[in-house]
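> take a look and give me a structure for this.
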Amino acid sequence: MNIELVDTLKGHVGKVWNVKWNPFGTILSSCGEDKSIRLWGKQSHQWKLKTVLQDGHQKTIREVSWSPCSKYLASASFDATTAIWDNISGQFECNATIEGHENEVKSVSWSQSGKFIATCSRDKSVWIWESENDEYECSAVLNAHTQDVKKVIWHPYLDMVVSASYDNTIKMFTEDQADNEWTNISTLKSHESTVWSLSFDKDGKRLVSCSDDQTLKIWKEYLPGNAEGVGTDSDYPTWKCVCTLAGYHFGPIYDVTWCHLTSMIATACADNNIRIFKEAEDSDPNQPMFELVCSKYHAHEQDVNSVAWHPTEHGLLASGSDDSFVKLWKIKEVL
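Below is the predicted model of the structure:
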């Protein structure tokens, strides 16, 4: 396989922290140090700037997240707020700002059900917000981590949120139906330094994490009563690290994304490179093997902060970097 540059999208001033496709793949959003969100769309086979969303935040925008219906966009900022932009009127406008965190909001994620938004912060907390009729109410403040929380993501089809932290751990939370309280159901420990990012496979049965320790880890879900005999506590599954990928990266790995179309895993690294991994065909599910299938050295001039697979087009990957550029890549089979 090889990685070909498709396009370079210019416009941001300063670092691009995050790139995200809307659920239909028709819009690519990017955000960064310049306090703006840029929305890119395809016109005549080229990706062009459609609009710039400004004045929603006073400081750097760290991450954006689309609602499943694609009509809403949430943005997390170092100004300690999360803004909600809606496209009800035909153009995106900031019609809500949710507050509560004590300082920088590092990540925001919209649940697949559309019912919840999760945010996390340097204040060590994860907040769950319930979304209903354009109103956003705090459902829970989760103080399970002991350090800065870097990332929150939702399970692909369950209302379960997963967080990654400077305390080297990954935590999983879900709402207990008996008392409607959000509970920390699992803590995953294996990384030796900050866990920067996370991504589920398409079935939600496995999770990949990336870290400052320059490794990727694959975690597998074991349900109560599993055939492998892995012990579980109470009614919740156990998540076990079944694979560690080490020796491939030469700096902190800031982002990872697991493609739901091709099952390829892409990473964004501080060594300016993008790498693509894929599971070996004869891999044992309980001791899987993943291979580095291609790399793009000097993909950017500075740290690569974010990578995102296109949701409907096979092999199309977006990246964002400290060098202020958003780039589009195509991963192709070498014949």
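> show residues contacting stretch 106-117.
62-69, 72, 74-76, 82, 98, 118-122, 128-132, 136, 139, 148-159, 161 (CB atoms under 8 Å, 6 or more residues apart in numbering). C-beta: built from backbone N, CA, C; applies to glycine.
> buried stuff in that stretch?
Within stretch 106-117, the residues scored as buried using 16 or more other CB atoms under 10 Å are K106, S107, V108, S109, W110, S111, Q112, F116, I117.
> same question for stretch 79-90.
Applying a neighbour-count criterion of 16+ other CB under 10 Å, one finds D79, A80, T81, T82, A83, I84, W85, D86, N87 buried in stretch 79-90.
> same question for stretch 310-327.
310-311, 315-327.
> and stretch 248-267, by the same measure?
248-249, 252-259, 264-267.
> now swap in stretch 167-183 and tell me
Neighbour counts using 16+ other CB under 10 Å place D167, N168, T169, I170, K171, M172, F173, T174, E175, W182 of stretch 167-183 among the buried residues.
> the third one pairs with what?
On DSSP bridges, the residues paired with T169 through beta bridges are K189.
> wait, doesn't it sit right on L188?
Yes. At 6.5 Å, T169 counts as touching L188 under the criterion of CB atoms under 8 Å.
> list the contacts for C243?
Applying CB under 8 Å, 6+ apart, the residues near C243 are K217, I218, Q287, P288, M289, F290.
> tell me what it is bridged to.
I218.
> that one and M1, how far apart?
Distance, C243 to M1, by CB to CB, to the nearest Å: 20 Å.
> how about G231?
Taken as CB to CB, the span from G231 to M1 is 39 Å.
> ditto for D255
Going from D255 to M1 by CB to CB gives 20 Å.
> and the average pLDDT for stretch 52-70 is what?
Stretch 52-70 shows a mean pLDDT of 95.
> got the end-to-end distance for that stretch?
Terminal residues of stretch 52-70 are spaced 17 Å apart (CA to CA, to the nearest Å).
> can you map out the strands along the stretch 201-335 of the chain?
206-211, 216-222, 238-245, 253-258, 265-269, 274-279, 290-296, 304-309, 316-321, 326-332 (DSSP state E, counting those that start in this stretch).
> who touches the second one?
By CB under 8 Å, 6+ apart, the surrounding residues in contact with strand 216-222 are 170, 188, 190-191, 204-211, 228, 230, 232, 237-245, 248, 253, 256, 265, 267, 277, 285-286, 288, 290.
> next one: the fifth one
By CB under 8 Å, 6+ apart, the surrounding residues in contact with strand 265-269 are 199, 208, 210, 216, 249-259, 274-278, 290, 303-307, 309, 317, 319.
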